[in-house]
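Trainee: fold the following for me, if possible:
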Amino acid sequence: MKPRITLITLGVDDLERSLAFYRDGMGLATPGIVGKEFEHGAVVFIDLQPGLKLALWPRASLAHDTGLPPSQRGAPGFSLAHNVASRQEVDAVMAEAAKAGAAIIKPAGATFYGGYAGYFQDLDGHLWEVAWNPQFELAD
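Mentor: Below you'll find the predicted structure:
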């Protein structure tokens, strides 16, 4: 398999509330909710970078589509990482997340690898790491 991850879907409890968190609170551009005309079709798409989108989809719709039982909120078995260019940018993003209603799980601080990072959970419990890693070169 050649990896081509183009979409990361987060199951959410309240689509309107999650839209407000990511669009209004975190400043991510999106056309808003689309697909309302279809049963289990309402979804939010957010462009993250060329070729990669974040989708917000109700947990019930995700469960319906997969045939699995709805997932429960709580600490996930993975985190999404947002890498930034400086320690100051880590602090700024963490503050923005807190202001938008996120729970700060681990305040930003020095890491074992010489970087600087912190964790927050969005309104549905999805875990995000905000990190500056001096070994990563970020493309614009």
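Trainee: elements contacting the helix or strand residue 46 falls within?
Mentor: Here residue 46, judged by DSSP states H and E, is contained in strand 43-49. Strand 43-49 is packed against helix 15-19, strand 33-34, strand 52-58, with contacts defined by 3 or more Cβ pairs under 8 Å, 6 or more residues apart in numbering; DSSP states H and E. (Each C-beta comes from the backbone N, C-alpha and C, glycine too.)
Trainee: same thing but 7 Å
Mentor: strand 33-34, strand 52-58 (3 or more Cβ pairs under 7 Å, 6 or more residues apart in numbering; DSSP states H and E).
Trainee: next helix or strand past the longest one?
Mentor: Past strand 52-58, further along toward the C-terminus, the next helix or strand under DSSP H and E is helix 59-66.
Trainee: and the average pLDDT for that next one is what?
Mentor: Here helix 59-66 scores 90 as its mean pLDDT.
Trainee: list the buried residues in that helix.
Mentor: Under the neighbour-count criterion of 16 or more other Cβ atoms under 10 Å, helix 59-66 has 59, 61, 62 buried.
Trainee: JSON lines for the residues you listed, including distance to residue 82?
Mentor: Output for the buried residues of helix 59-66, formatted as JSON lines (distance: Cβ to Cβ, whole Å):
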{"residue": "59", "distance to residue 82": "23"}
{"residue": "61", "distance to residue 82": "25"}
{"residue": "62", "distance to residue 82": "22"}
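Trainee: related to what we said a few turns ago, the strand holding residue 46 pairs with which strands?
Mentor: Looking at strand 43-49 with DSSP bridges, its partner strands are strand 33-34 (antiparallel), strand 52-58 (antiparallel).
Trainee: most tightly packed of these?
Mentor: Highest mean neighbour count of the strands paired with strand 43-49: strand 52-58, a mean of 18 (counted as mean count of other Cβ atoms under 10 Å).
Trainee: got a list of contacts for it?
Mentor: 5-12, 15, 18-19, 22, 42-48 (Cβ atoms under 7 Å, 6 or more residues apart in numbering).
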